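K.L.:
Predicted model and sequence follow; I will ask about them next.
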Amino acid sequence: MLKRFIGLISIIGAMAASAQDCTTLPANHQNFIEGKKTGEYRIANDQGNATIAVNDKLTFAQYVKQTRALISARNKRAQLPCPLPSLTHVLREDPTVLDHIAPYQLIQSNNNKAVLLIHGLTDSPYIFNAIARDLYRQGFNVRTLLLPGHATAADDLRHVSNQDWQKHVQYAINRMSADFQQFAIMGFSTGAALATIEVSQAQPNNLKALVLVAPATESHNKKSWLAQWVDWVPFMDWLDQDADLDFAKYESFPLAAAALVHNVMVEMMNTNIPNDLPILTIMSDVDATIDSHATLSLLNRWANDHTASLQLRLYSRNGMAVSDKIQVTQISQLDNVVDMSHVGLLIPQSHPYYGREGSYRHCGSYFEDNDAFAACKTAKNITFGEHHASNKMVYQPLARVTFNPDFNNLSKQILTFLESHVE
């Protein structure tokens, strides 16, 4: 009888687990507690390599197919149901995690103009689904790239190099240049830096514009360069060991990743961008991930000799010292949001997952305190803003804002900018 009872409990437990989907997983506090302890989603399945090989003969359709196979093999939640609406209208009827985080393309009936979207560190193409929809509706062909080590598990960032990232960026840019008459690149964070580095070394003739969203220029931690040495020390592999319940973005952070992105940022700060390339930069002055003053210093340096359009959409209450050669659009107030975070810029507040009422609430500031984390996740009255120290002192609980109340206006500026340069 006891064995039958235990068997019944096991079956019920398995049924409960199978009933979960990508939206319910992060809402379950017990999942968070157990996930931190076990690290189940921190480590990928040991199947195949953490990246695919790319070359100029690889078509983008082949790239997507091979990358989806890699994610399917290594991501433990790849086939987990993920019943979120498709903002890009490319998903099948019963989407899984794989369908939301894999690279994709939205193709028009012509190859006149296109935009390449490159995500940032720990992220996935899912961050672009709203802006990709808007770009496609405006007549652009759209492609997204998956940086090696992403969309599987955070530990895979320990098995790739920033040279792997750059090779994939180079492949994607060369593929865009060959497949479309004119194109632009939009990069977010590390993706913006990688794109800038590649373009500074070799600009295709038909690349007509660059959009940099919160570009990775310099970390707030001025000792981030030490990560490449500390990572060699036994038992010091991780900066953060979270539960990784966010299906589209890693929450844990390996030291190796800090070392990789540091190398990228150093190179980014030394780039000399082509003077005739129009650039739109989007940033927040209180960005808790990237030092906005370093970004502005780079933009001001570029402005000295730039002959093409330089635009800046700046989320800032007080403003910053910007070169007169840069056309600034400043947003000082946001509806029911204290200030704008690094991660929220490209997400509308109506987003079904990261939006104000979405399935996921970013409470990572409290991941070391289970009770505070639970309070943040469940609070009916919550303050949204960037999770810097001054906000955390004033607002309790504070959720890092993962959406932008100004998204519609932001999208309009991006579209207007691209339409004026990519014909």
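P.N.:
Good, I have the coordinates. Bear in mind the structure is a predicted one, so any value in this text is a computation, not a measurement. Numbers count the residues shown, from 1 in each chain.

K.L.:
check contacts around the nearest residue to N300 once chain neighbours are set aside.
P.N.:
The shortest distance from N300 to any non-neighbouring residue, by C-beta to C-beta, 6 or more residues apart in numbering, is to S323 (4.6 Å). For the C-beta atoms, the positions are set from N, CA and C on the backbone; glycine is no exception. With contact taken as C-beta atoms under 8 Å, 6 or more residues apart in numbering, S323 is in contact with L299, N300, A303, N304.

K.L.:
Quickly note the distance from the first one to N129.
P.N.:
As for L299, its distance to N129 is 28 Å (criterion: C-beta to C-beta, to the nearest Å).

K.L.:
repeat for the second one
P.N.:
Counting by C-beta to C-beta, the separation of N300 from N129 is 33 Å.

K.L.:
thinking again about what came up before, could you identify the most distant pair in the contacts of S323?
P.N.:
L299 and N304 (10.3 Å; C-beta to C-beta).

K.L.:
between those two, who's got more neighbours?
P.N.:
For L299 against N304, the residue with the higher neighbour count under other C-beta atoms under 10 Å is L299, and the figures read 24 against 9.

K.L.:
tell me the pLDDT at that one?
P.N.:
According to the per-residue confidence, L299 scores 98 in pLDDT.

K.L.:
Settle this for me: it is touching H306, isn't it.
P.N.:
No. Using C-beta atoms under 8 Å, L299 is not in contact with H306; the gap is 9.3 Å.

K.L.:
Wait, L239 touches Y250, no?
P.N.:
No. The pair formed by L239 and Y250 falls short of the contact definition of C-beta under 8 Å, at 11.5 Å.

K.L.:
Just want to know which of these two has more residues nearby.
P.N.:
Neighbours were tallied for L239 and for Y250 using other C-beta under 10 Å; the higher tally belongs to Y250 (26 against 17).

K.L.:
ok now do that one, which residues does it touch?
P.N.:
If you count contacts by C-beta under 8 Å, 6+ apart, Y250 has them with T122, D123, H150, A153, A154, L157, D244.

K.L.:
do you know how far it is from L147?
P.N.:
In terms of C-beta to C-beta, Y250 sits 12 Å off from L147.

K.L.:
so which helix or strand takes in S86?
P.N.:
For S86, there is no enclosing helix or strand under DSSP states H and E.

K.L.:
correction: T295
P.N.:
helix 292-303.

K.L.:
what's the distance between that helix and the middle of its chain?
P.N.:
Helix 292-303 has its C-alpha centroid displaced from the chain centroid by 22 Å (C-alpha atoms, centre = their mean, to the nearest Å).

K.L.:
go on, stretch 306-321?
P.N.:
Between the mean C-alpha point of stretch 306-321 and the mean C-alpha point of its chain there is a distance of 22 Å (C-alpha atoms, centre = their mean).

K.L.:
Mind listing residues that contact it?
P.N.:
Residues from elsewhere that reach stretch 306-321, judged by C-beta under 8 Å, 6+ apart: 273, 275-286, 292-293, 296, 299-300, 302-303, 322, 325-334, 339-340, 345, 406, 410, 413, 417, 420-421.

K.L.:
and it, which residues are buried?
P.N.:
Along stretch 306-321, these residues count as buried under the neighbour rule (16 or more other C-beta atoms under 10 Å): H306, S309, L310, Q311, L312, R313, L314, Y315, S316, M320.

K.L.:
taking the mean pLDDT, what do you get for it?
P.N.:
Stretch 306-321 shows a mean pLDDT of 95 in the predicted model.

K.L.:
show me where pLDDT drops low in the stretch 1-150 of the chain?
P.N.:
Low-confidence segments of the stretch 1-150 of the chain, defined by pLDDT under 70: 1-19.

K.L.:
just the helices in the stretch 101-250 of the chain please.
P.N.:
With DSSP state H, counting those that start in this stretch applied, the stretch 101-250 of the chain shows helices at 129-137, 162-179, 190-201, 227-230, listed in chain order.

K.L.:
Tell me which of those sits most buried.
P.N.:
Comparing the helices of the stretch 101-250 of the chain by mean neighbour count (mean count of other C-beta atoms under 10 Å), helix 190-201 comes out on top with a mean of 25.

K.L.:
What helices and strands are in contact with it?
P.N.:
Contact partners of helix 190-201 among helices and strands, from 3 or more C-beta pairs under 8 Å, 6 or more residues apart in numbering; DSSP states H and E: strand 113-118, helix 162-179, strand 182-188, strand 207-213, helix 255-269.

K.L.:
Would you pull up how far the shortest one lies from the middle of the chain?
P.N.:
Between the mean C-alpha location of strand 113-118 and the chain-wide mean there is a distance of 15 Å, by C-alpha atoms, centre = their mean.

K.L.:
How about the residue nearest the centre of the chain, nearest residue that isn't a chain neighbour?
P.N.:
Among the residues of the chain, the smallest C-alpha distance to the mean C-alpha position (C-alpha atoms, centre = their mean) belongs to D123, namely 3.7 Å. Excluding the flanking residues, the one nearest D123 by C-beta to C-beta, 6+ apart is K249, at 5.2 Å.

K.L.:
repeat for Q330
P.N.:
Computed as C-beta to C-beta, 6+ apart, the closest residue to Q330 that is not its neighbour in sequence is L314, at 4.9 Å.

K.L.:
Just send the contacts of Y250 back as a markdown table, with distance to T23 too.
P.N.:
Shown next, in a markdown table, are the contacts of Y250 (distance: C-beta to C-beta, whole Å):
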| residue | distance to T23 |
| --- | --- |
| T122 | 20 |
| D123 | 18 |
| H150 | 21 |
| A153 | 20 |
| A154 | 20 |
| L157 | 25 |
| D244 | 15 |
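
K.L.:
What is the nearest of those to F188?
P.N.:
Here the nearest of these to F188, counting by C-beta to C-beta, is D123; it sits at 7.0 Å.

K.L.:
list the contacts for the closest one?
P.N.:
Contacts of D123 were listed using C-beta under 8 Å, 6+ apart, and they are H150, F188, S189, G191, A248, K249, Y250.

K.L.:
Shouldn't R313 be within a strand?
P.N.:
Yes. Counting by DSSP: H, G, I helix; E, B strand; the rest coil, R313 falls inside a strand.

K.L.:
on that earlier part again, can you list the helices of the stretch 101-250 of the chain in TSV and add distance to N28?
P.N.:
Converted to TSV, the helices of the stretch 101-250 of the chain look like this (distance: least, C-beta to C-beta, whole Å):
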stretch	distance to N28
helix 129-137	24
helix 162-179	33
helix 190-201	30
helix 227-230	32
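
K.L.:
nearest to Q79, of those helices?
P.N.:
helix 129-137 (19.7 Å).

K.L.:
Please give the centre-to-centre distance between that closest one and its chain.
P.N.:
A distance of 16 Å separates the C-alpha centroid of helix 129-137 from that of its chain, computed with C-alpha atoms, centre = their mean.
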